[in-house]
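Participant: Mind folding the following:
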Amino acid sequence: MLEVIGEKLSGVRQVLRVRMLESSPLLVLFTTTATAGLIVGLATGAPLVRRELVRIDRPGWAGETAFAGQGVLYVAERVDLPAVYSAGGSKPTRIYETPAVPLPPRIKRQTAYESRVVQDLVSLDGSSVMAAFVRRVTVAQSPKCWPQCRLPGRGVRLFTEVRVRLGAGPFRRLAGGPGRCPSGQFWPDEVAVAGDHVVYSGRLDGCKGRRQESRIVVASVRGGKPVREVIAHFPPAPFTHVAAAGRFLAWTRDQGELPNSDLRNPRLVVYDRLRRRVDYRLKLPKRLRVKTILSLDVQSDGKAAAQIEREGGRCSIPQIIWSAPSARPLLHFIPGRSFAGTSTKVKLARDRLMFVWAGGRGCADYRASDLVVKSLNGAVVRVLGHYDVRTRPVSYPGFSFDFDGTRSAFAESVDLDPGNANRGWTSIYVDDLR
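Facilitator: Below is the predicted model:
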């Protein structure tokens, strides 16, 4: 079934992050039984015991983190060949490493720039039977005349693809990849896994008379072959968030930016996969002055949550919102500010939210934050970590984590010497709510 939405989109702001990390070897220390320490929960005072699964001998070298059955998947970041690991057994196992991508001839001919291929593995997600991620391949270019010419660096996108793994098999490309004609490739945005199906969003460029559009696609693997269904398509958007849980899917929409950079008619769309129709749409009021929808999640009963960025005068206001299925869905706010400077992610399961919470209210108070689990009524259930840039050594959470309602998986880095990438470490932790 196709749901055609006819509004014209002109763009959600998207920041292209190019990680210019050194490509030295990665040393992984496996500590499957180590206990990182005790943290006192703010709500009940009950001790929190975090179990360290993995320690990587560099700060900031763990990217996406996701549950896959009883194990934990994580991305070990390297600028040229990032890899996906599975942890939870006797020792972590590398289950995917990106192949090397040579510089295209057209890039080599651009002699005014130093060019390097950069690869990112993002939007990692998994279930008991599937795992998926988005692979982005970009050429980072810096002018050879710098600093005299003061020309800015730039990024040239090569391709983006969705890769899926069924069971213990290899990761195979499901969507995207190099296009058959120069401007006609599919550019995936995000991917989400629920049970035995995958949902992904992305933009299809025009080619040979084909119109440009953004798409929401549901896919499964049957008999070793992918089966895809486009459930929504609409005028092209720069970026579309997507989420899935049980029978429900969710994605973000807007109609471009107003002259003041606020989003025009931003909303969350929740789709019932079994009934094959949109269950509800949550429109965000104009008075909120939403600049960006930063992240999105949905739980198995159709409740949806998002982190948004609002206009706040001297500084923006990141905030967590949520809603539930209804003929007239209501907009709910989680008290306090989130901390988009550390992580823009929000996870929702069993009426509990996991996100990074700002320690203060004003712009200057964004130096401290907590990685928390809160109930939908705003009560703190768990404080998984406290971070303050004024402390030494500096510790900070990874920008990705996962939460299934009882278990949390997240990365945390310790920087012994800020500015020296070789002094510190990154740990992958798991916490079980009791």
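
Participant: quick one: contacts for the residue nearest to the spatial centre of the chain?
Facilitator: With distances taken as Cα atoms, centre = their mean, residue 123 lies nearest the centre of the chain, 4.5 Å away. Neighbour list for residue 123: 64, 132-134, 189-192 [criterion: Cβ atoms under 8 Å, 6 or more residues apart in numbering]. (Each C-beta comes from the backbone N, C-alpha and C, glycine too.)

Participant: same thing with residue 345?
Facilitator: 295, 307, 355-356, 399-401.

Participant: is residue 371 in a bridge, and if so with what?
Facilitator: Listed by DSSP bridges, the beta-bridge partners for residue 371 are residue 356, residue 385.

Participant: Quick one: the helices in the stretch 101-250 of the chain, in order.
Facilitator: 105-108 (DSSP state H, counting those that start in this stretch).

Participant: How are the strands of it distributed by residue range?
Facilitator: Secondary structure of the stretch 101-250 of the chain by DSSP state E, counting those that start in this stretch: the strands cover 113-126, 130-143, 154-166, 172-176, 186-194, 197-204, 213-222, 225-234, 242-245, 248-253.

Participant: what stretches of the stretch 51-200 of the chain score poorly on pLDDT?
Facilitator: 60, 79, 180-184 (pLDDT under 70).

Participant: okay if I get the contacts of residue 345 as JSON lines plus distance to residue 389, neighbour count and pLDDT?
Facilitator: Shown next, in JSON lines, are the contacts of residue 345 (distance: Cβ to Cβ, whole Å; neighbours: other Cβ atoms under 10 Å; pLDDT from 0 to 100):
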{"residue": "295", "distance to residue 389": "22", "neighbour count": "23", "pLDDT": "96"}
{"residue": "307", "distance to residue 389": "21", "neighbour count": "26", "pLDDT": "95"}
{"residue": "355", "distance to residue 389": "18", "neighbour count": "29", "pLDDT": "94"}
{"residue": "356", "distance to residue 389": "13", "neighbour count": "27", "pLDDT": "92"}
{"residue": "399", "distance to residue 389": "15", "neighbour count": "19", "pLDDT": "82"}
{"residue": "400", "distance to residue 389": "20", "neighbour count": "22", "pLDDT": "89"}
{"residue": "401", "distance to residue 389": "19", "neighbour count": "25", "pLDDT": "94"}
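
Participant: Which of those fall in helices?
Facilitator: Assigned to helices by DSSP state H, none of the contacts of residue 345 qualify.

Participant: So which of the residues you listed are in strands?
Facilitator: 295, 307, 355-356, 399-401 (DSSP state E).

Participant: any chance of those in a markdown table, plus distance to residue 53?
Facilitator: Below are the ones in strands among the contacts of residue 345 laid out as a markdown table (distance: Cβ to Cβ, whole Å):
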| residue | distance to residue 53 |
| --- | --- |
| 295 | 24 |
| 307 | 26 |
| 355 | 21 |
| 356 | 20 |
| 399 | 18 |
| 400 | 15 |
| 401 | 13 |
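
Participant: which one among those gets closest to residue 260?
Facilitator: Lowest distance from residue 260 to these (Cβ to Cβ) belongs to residue 307, with 21.0 Å.

Participant: hmm, back to that, need the strands of the stretch 101-250 of the chain in JSON lines with distance to residue 348, can you?
Facilitator: JSON lines is the format used below for the strands of the stretch 101-250 of the chain (distance: least, Cβ to Cβ, whole Å):
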{"stretch": "strand 113-126", "distance to residue 348": "14"}
{"stretch": "strand 130-143", "distance to residue 348": "19"}
{"stretch": "strand 154-166", "distance to residue 348": "23"}
{"stretch": "strand 172-176", "distance to residue 348": "25"}
{"stretch": "strand 186-194", "distance to residue 348": "12"}
{"stretch": "strand 197-204", "distance to residue 348": "16"}
{"stretch": "strand 213-222", "distance to residue 348": "19"}
{"stretch": "strand 225-234", "distance to residue 348": "21"}
{"stretch": "strand 242-245", "distance to residue 348": "8"}
{"stretch": "strand 248-253", "distance to residue 348": "10"}
